[in-house]
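[1] pasting the structure only:
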């Protein structure tokens, strides 16, 4: 009902008012020094705007007083950085001119409308209004008290309107250019892709280790054979050490953005995955053909993770079953296939994030991956191109 009074309680109204009054005070000081040269502040503003550091100073002030809710936000609409091109310098100079115009309007309204309210109160009290303000010549009348809030309402309207106008101008003239927005968007995309990659790394390596540990522990408890239990504990220890190595690689990437991706495991280390699966009771029949050492590093790393996730799913959903692994390098592609007998639990495992991660890894390299039942078996098949990948 009284929404028009909301700006009175909004702190940003008064911070914007202060932002507009600051240059007005500087201009007033100059006019006090030299009333005959009012053009000097305008010319100085244009020249000062060409200084690279002025854009940084104005951006900090504008963000603090005009859009305080965006302070510290990486996606703030007002930039906080010095000028790096002549386009940004001219935009800063134009910003200072716009700010001077708005400051002059708000400064005059603040002085004249406030003084007029004082005059109206004096008129209601029986004193003659000053001849310098808007109530000049009104005379002494008691009903002038009823008019006293009008100039204040007008002042509020001017302050709010100019505050909105100067904020829009700041976002336009001090905000990032379309090219800067595109660069920031690309950087944000790279960060999200890196986070997604790290999440997949943790899911694959730690998930595999935990699955092997759970399967081995369950089998050892059921077997009640000291020799088998000894082998199971050894397999759990080895798998855990491998998982810790993978975890250390991922953490190193988080701590040091320059860590080379080549430190992540590749298909040349696939034997440890196969041995881990065999140690968990699975009968693994592996066949590798083609020059595996010629597979590009990126393809080899993603192939390792795809194989790891496929074996983890077998152990998690089917247990100790026969697994057939085929890795082929031929005709410019890496073909990786893992199949195992189809069980009831396997048939309901097609919606997990692991299988989706396999398809995402393949797609990022321009390849494809298929997962699901095939001729009475559960099959994971990935086809990755070798050419064009470094």
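    Great, that's in hand. Note that the structure is a prediction, hence the values are computed from the model and not measured. Residues are numbered from 1 along each chain as shown.
[2] point out where the stretch 1-150 of the chain drops to low pLDDT.
    1-5, 26-39, 72, 74 (pLDDT under 70).
[3] now the helices: where do they sit in it?
    6-9, 11-33, 39-48, 52-65, 86-124, 144-147, 149-173 (DSSP state H, counting those that start in this stretch).
[4] now render the ones you listed as a markdown table, adding mean neighbour count and distance to residue 239.
    C-beta here means a position set from N, CA and C on the backbone, and glycine is covered the same way. Shown next, in a markdown table, are the helices of the stretch 1-150 of the chain (neighbours: other CB atoms under 10 Å; distance: least, CB to CB, whole Å):
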| stretch | mean neighbour count | distance to residue 239 |
| --- | --- | --- |
| helix 6-9 | 11 | 62 |
| helix 11-33 | 16 | 57 |
| helix 39-48 | 14 | 66 |
| helix 52-65 | 19 | 51 |
| helix 86-124 | 19 | 56 |
| helix 144-147 | 16 | 85 |
| helix 149-173 | 18 | 55 |
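[5] mind checking which of the ones you listed is nearest residue 289?
    helix 86-124 (58.3 Å; CB to CB).
[6] how far off centre is that closest one?
    Once both centres are worked out by CA atoms, centre = their mean, to the nearest Å, helix 86-124 turns out to sit 38 Å from its chain's centre.
[7] also compute the angle for it relative to helix 39-48, please.
    If you take axes from the mean of the first three to the mean of the last three CA atoms, to 10 degrees, helix 86-124 sits at 150 degrees to helix 39-48.
[8] which helices and strands sit right next to helix 86-124?
    helix 11-33, helix 39-48, helix 52-65, helix 144-147, helix 149-173 (3 or more CB pairs under 8 Å, 6 or more residues apart in numbering; DSSP states H and E).
[9] residue 227 is nearest to which of those helices?
    helix 52-65 (69.7 Å).
[10] report all helices and strands that the closest one contacts.
    Counting contacts by 3+ CB pairs under 8 Å, 6+ apart, helix 52-65 is packed against helix 11-33, helix 86-124.
[11] so for residue 76, which of the ones you listed sits nearest?
    Of all the helices and strands packed on helix 52-65, helix 11-33 sits nearest to residue 76, with 14.6 Å by CB to CB.
[12] low-confidence stretches in the stretch 251-390 of the chain?
    In the stretch 251-390 of the chain, residues with pLDDT under 70: 251-264, 344-353, 388-390.
[13] could you rerun that using 90?
    For the stretch 251-390 of the chain, the stretches flagged by pLDDT under 90 are 251-285, 288-322, 330-332, 341-367, 371-378, 385-390.
[14] ranges for the strands of it?
    Applying DSSP state E, counting those that start in this stretch to the stretch 251-390 of the chain gives strands spanning 283-289, 322-330, 333-341, 368-374, 377-385.
[15] how about the ones you listed in a markdown table, adding distance to residue 298?
    Conversion of the strands of the stretch 251-390 of the chain to a markdown table gives the following (distance: least, CB to CB, whole Å):
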| stretch | distance to residue 298 |
| --- | --- |
| strand 283-289 | 19 |
| strand 322-330 | 14 |
| strand 333-341 | 11 |
| strand 368-374 | 16 |
| strand 377-385 | 9 |
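[16] so for residue 134, which of those sits nearest?
    strand 368-374 (77.1 Å).
[17] who touches that closest one?
    Applying CB atoms under 8 Å, 6 or more residues apart in numbering, the contact partners of strand 368-374 are 306, 339, 342, 347, 350, 355, 358-359, 361-363, 378-383.
[18] do that again at 6 Å, thanks
    For strand 368-374, contacts defined as CB atoms under 6 Å, 6 or more residues apart in numbering pick out 342, 350, 355, 358-359, 362, 380-383.
[19] buried sites along it?
    369, 371 (16 or more other CB atoms under 10 Å).
[20] with stretch 285-299 instead?
    Neighbour-count burial for stretch 285-299, counted by 16+ other CB under 10 Å, picks out 286, 292, 295-296, 298-299.
[21] want to throw those into CSV with distance to residue 325?
    Shown next, in CSV, are the buried residues of stretch 285-299 (distance: CB to CB, whole Å):
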residue, distance to residue 325
286, 4
292, 13
295, 16
296, 21
298, 21
299, 17
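[22] could you single out the nearest of these to residue 323?
    So of those, ranked by how close each gets to residue 323 (CB to CB), first place is residue 286, at 8.6 Å.
[23] that closest one against residue 274, yeah?
    Yes. With contact defined as CB atoms under 6 Å, residue 286 reaches residue 274; the gap is 5.3 Å.
[24] just to revisit the earlier point, which pair in the buried residues of stretch 285-299 spans the largest distance?
    286 and 298 (22.7 Å).
[25] reformat the helices of the stretch 1-150 of the chain as a markdown table; add distance to residue 210.
    Shown next, in a markdown table, are the helices of the stretch 1-150 of the chain (distance: least, CB to CB, whole Å):
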| stretch | distance to residue 210 |
| --- | --- |
| helix 6-9 | 55 |
| helix 11-33 | 51 |
| helix 39-48 | 63 |
| helix 52-65 | 46 |
| helix 86-124 | 52 |
| helix 144-147 | 78 |
| helix 149-173 | 49 |
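[26] can you say which of those helices is nearest to residue 280?
    Closest approach to residue 280 among the helices of the stretch 1-150 of the chain is made by helix 52-65 (57.0 Å; CB to CB).
[27] now do that closest one against helix 39-48, angle only.
    Using the same axes, to 10 degrees, helix 52-65 lies at 100 degrees relative to helix 39-48.
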